[in-house]
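1. Sequence first, predicted model second:
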Amino acid sequence: MKIVLASANKGKITEFQKLMPNDEVIAFSEILGKIEIVEDKDSFKGNAIKKAQTIYEELIKIGQNDVIVISDDSGITVPALNNEPGIYSARYAGEGSSDKQNNAKLIENLNKQNLEKTAAFYTACIAIVYKGEVYTVHGWMHGNVINKELGEGGFGYDPMFIANGFDKTLGELGYEAKKEFSHRTKALNLAKKVLDVIL
Ligand SMILES: O=c1[nH]c(=O)c2ncn([C@@H]3O[C@H](COP(=O)(O)OP(=O)(O)OP(=O)(O)O)[C@@H](O)[C@H]3O)c2[nH]1
Ligand SMILES: [Mg+2]
């Protein structure tokens, strides 16, 4: 089936394509070009719904009525840092900041609290819009963040994150390991069950 991803994040897009190898998964920008969606909701779910609905409506305008739109709003939460960065993960170091800058900000804030390693978890909310109806599912991955970056794999905060049961960061383990148990994999497995019912 053809799925339009309401995401501009290359790391996420690659992960979705690897997780759905039998489907045609394309980024919205390939059809609609650049669209800026303001993520002004107060939850992963609110932002995921907004992204999926915005792209769905733009596709309707150009006559694409039968598409499945999927979005992902995600982030990392560090309880010892007052639950930062949470829904602000993509812009922790300011609007338009890079993964490198966000990681540097997280390291700085961990160091301010003398935290070399502390509990953290990723959340992913996936929203599906199909024939005007909205469905949402969530997935989580628990572990620890450390105050340095190790490895080059994954994206975003992955070089700082050690999943429970492992002694290496997701940056060191690489995607083949991450895809077995990530927040996005878990959410997408639930999303696939929703698709099985609604399609
Ligand atoms: O190391 C990471 N591994 C992951 O698996 C992961 N999932 C989310 N994140 C972080 O959370 C932000 C999401 O913010 P976000 O959902 O708004 O996405 P985004 O703005 O990057 O793209 P879009 O999908 O909104 O277009 C991202 O930028 C990352 O910083 C991750 N970091
Ligand atoms: Mg975003």
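-> Perfect, thanks for sending it. Ligands and ions are numbered 1, 2, ... in the order given.
2. tell me what the lengthiest helix in the chain is packed against?
-> Longest helix in the chain by number of residues, with DSSP state H as the criterion: helix 44-61. Contacts defined by 3 or more Cβ pairs under 8 Å, 6 or more residues apart in numbering; DSSP states H and E place helix 44-61 against helix 29-32, strand 68-78, strand 117-130, strand 133-146. In short, each C-beta sits where N, CA and C put it, glycine included.
3. report the angle between the axes of the third one and strand 133-146?
-> Angle of strand 117-130 versus strand 133-146, following axes from the mean of the first three to the mean of the last three Cα atoms, to 10 degrees, is 170 degrees.
4. Just the C-alpha atoms of strand 117-130, please, in PDB.
-> Only the C-alpha atoms of strand 117-130 are listed here, as PDB (Å, rounded to 0.1, in the frame of the first residue of the first chain):
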ATOM      1  CA  LYS A 117      24.000   8.600  33.600                       C
ATOM      2  CA  THR A 118      20.400   8.900  34.400                       C
ATOM      3  CA  ALA A 119      17.100   7.200  33.500                       C
ATOM      4  CA  ALA A 120      15.400   8.400  30.200                       C
ATOM      5  CA  PHE A 121      12.800   7.200  27.800                       C
ATOM      6  CA  TYR A 122      11.700   7.800  24.300                       C
ATOM      7  CA  THR A 123       8.100   8.200  23.300                       C
ATOM      8  CA  ALA A 124       6.700   8.000  19.800                       C
ATOM      9  CA  CYS A 125       3.100   8.800  19.000                       C
ATOM     10  CA  ILE A 126       2.000   7.700  15.500                       C
ATOM     11  CA  ALA A 127      -1.100   9.300  14.000                       C
ATOM     12  CA  ILE A 128      -2.900   7.700  11.000                       C
ATOM     13  CA  VAL A 129      -5.400   9.700   9.000                       C
ATOM     14  CA  TYR A 130      -7.400   7.700   6.500                       C
END
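5. Partner strands of that strand and their direction?
-> strand 68-78 (antiparallel), strand 133-146 (antiparallel) (DSSP bridges).
6. Could you pull up the mean pLDDT of it?
-> Strand 117-130 carries an average pLDDT of 98.
7. roughly how far is it from the heart of the chain?
-> 6 Å (Cα atoms, centre = their mean, to the nearest Å).
8. Any buried residues in that strand, and which?
-> Buried residues in strand 117-130, counting neighbours by 16 or more other Cβ atoms under 10 Å, are found at Ala120, Phe121, Tyr122, Thr123, Ala124, Cys125, Ile126, Ala127, Ile128, Val129, Tyr130.
9. repeat for the shortest one
-> Across helix 29-32, burial judged by 16+ other Cβ under 10 Å covers Leu32.
10. what's that helix packed up against?
-> Packed next to helix 29-32, using 3+ Cβ pairs under 8 Å, 6+ apart, are helix 44-61.
11. mind putting the helices and strands packed on helix 44-61 in TSV, distance to ligand 1 included?
-> Shown next, in TSV, are the helices and strands packed on helix 44-61 (distance: least, Cβ to the nearest ligand atom, whole Å):
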stretch	distance to ligand 1
helix 29-32	10
strand 68-78	4
strand 117-130	6
strand 133-146	8
